[in-house]
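[1] Okay, predicted coordinates and the sequence, questions at the end:
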Amino acid sequence: LRALGGIVALRRGDLDSRLGRYVSGLDKLARTADQVTLMQRELTELQPRLREAQAEADSLLATIRRDSAEAQRSRSAVEAEEAAAQERTDAAKVIRDECEAELGAAEPALAAAVKALGALRKEDVIEVKSLKTPPQGVKLTMEAVCI
């Protein structure tokens with residue numbers, strides 16, 4: 001009988017342990033079910049905000065695409081203007097180089113004319129003035145001096 005009582009006690013302890021685990025498992029399942037219900041409610045409440053955020057993101061994306069297209073058109077126009085400006089700059093540089101070359105060739109003649117003008121005396125000018133009709137060479141020289 002004692003052996004039977006020991007076996008019953010042992011089985012009862014095992015059954016109590018199993019019952020405790022079963023009850024604990026049921027409690028956890030009930031809490032989990034409550035949490036799932038709460039999360040589903042929150043998800044349902046957040047759906048309109050999610051749709052609103054999605055619509056806002058779509059609108060922003062459309063704006064960005066439109067602005068990108070406009071920026072690309074502007075970039076193309078600026079590049080074309082830049083190319084035209086570069087062509088004008090190159091043409092102006094060619095003209096400047098030509099003018100500098102012509103000026104370089106004319107500067108020695110100018111220096112010689114200034115030197116000759118310095119050698120001109122007052123008496124020479126008076127002599128030319130006294131001529132009613134000066135010779136053609138004198139007229140040409142005076143015209144060059146007056147220029």
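    Arrived safely, thanks for sending.

[2] Tell me who's in contact with residue 45.
    Residues counted as contacts of residue 45 (Cβ atoms under 8 Å, 6 or more residues apart in numbering): none. Backbone N, C-alpha and C define where each C-beta goes, glycine included.

[3] All the helices of the protein, in order from the start?
    Here the chain has its helices, by DSSP state H, at 2-119, 122-130, 136-146.

[4] Distance of residue 113 relative to residue 127?
    20 Å (Cβ to Cβ, to the nearest Å).

[5] wait, residue 83
    63 Å.

[6] Then residue 58?
    When residue 58 is compared with residue 127 (using Cβ to Cβ), they lie 97 Å apart.

[7] Settle this for me: residue 128 is touching residue 142, isn't it.
    Yes: Residue 128 lies in contact with residue 142 (Cβ atoms under 8 Å); the separation is 6.6 Å.

[8] list residues touching both of those two?
    Shared contacts of residue 128 and residue 142, counting by Cβ under 8 Å, 6+ apart, come down to residue 134.

[9] how far away is residue 88 from residue 77?
    17 Å.

[10] before we move on, what about residue 108?
    48 Å.
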